[in-house]
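K.L.:
I'd like to go over a predicted model; first the sequence, then the structure.
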Amino acid sequence: MASDHISSDMIESSEFSFLAVKYNVHGVPHTVINEEHSIVGAQSEMEFAKAILKAIKA
Amino acid sequence: MGILKEKDKEKVANIFKGIEKDVTIVMFTQEMECTHCEMTRTMLEEVSGLSGKLSLEVHDFVAEADLAKKYGVDKIPATVLFGDRDYGIRFYGVPAGYEFNVMIEDIMDVGKRQPGLSKEVMTELSKVDRPVHMQVLISPT
């Protein structure tokens, strides 16, 4: 909602276990940004914002 | 068969009194419903019945493949929270347990037409200049 560029999916990993395997998920929450960047565990909103900016600049 | 407990319905209905603007819950399932699809649909029917500001649209993922594509929905059960426009919010799977709370919070945010983020975080996110797709994998409870 904060940006028109950002979309976000909440995925129940037990129902879509192929995605948990695809993204190598061992613990939750596990956040995948643009298929490539992973954040494991809960983070502050600011840390997520910084991770997003880092991901698009990488 | 109901999914939400009466006590929880009351609590949620009370929170929903604060919904400012209409929110549409768009759900994708299919004719031969999977167990999780049926659970999700039943739950969303109950949730959307708790406020006059909420409406529920149920679509067929197979028969309405074009619409699913428009929403970028590639698996079911899928739940989209829609305000005046699409904010890119999707839930895949039954939004139960902790996710239920997240969905209720998101409904409130969409009703406000703004996220509950601090000014600092909003400033950071305003720098995003290309598509970002976040997938948050979670598990029940």
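P.N.:
Great, that's in hand. Numbering: from 1, shown residues only, chains lettered A, B, ... in the order given.

K.L.:
the closest residue to residue A:27 other than its chain neighbours: neighbour count?
P.N.:
Of all residues not flanking residue A:27 in the chain, residue A:40 sits nearest, at 5.9 Å (Cβ to Cβ, 6 or more residues apart in numbering or on different chains). C-beta here means a position set from N, CA and C on the backbone, and glycine is covered the same way. Using other Cβ atoms under 10 Å in any protein chain shown, residue A:40 is surrounded by 14 other residues.

K.L.:
are we agreed that residue B:59 is in a strand?
P.N.:
Yes. Checked against DSSP: H, G, I helix; E, B strand; the rest coil, residue B:59 lies within a strand.

K.L.:
check contacts around it.
P.N.:
By Cβ atoms under 8 Å, 6 or more residues apart in numbering or on different chains, the contact list for residue B:59 reads B:26, B:27, B:28, B:29, B:67, B:68.

K.L.:
now with 7 Å?
P.N.:
Counting by Cβ atoms under 7 Å, 6 or more residues apart in numbering or on different chains, residue B:59 touches B:26, B:27, B:28, B:67.

K.L.:
of those - the most surrounded one?
P.N.:
That'd be residue B:28 among the contacts of residue B:59, by other Cβ under 10 Å, with 28 neighbours.

K.L.:
show me what that residue bridges to in the sheet.
P.N.:
residue B:59, residue B:78 (DSSP bridges).

K.L.:
for residue B:124, see how far away it is.
P.N.:
The gap separating residue B:28 from residue B:124 is 32 Å, by Cβ to Cβ, to the nearest Å.
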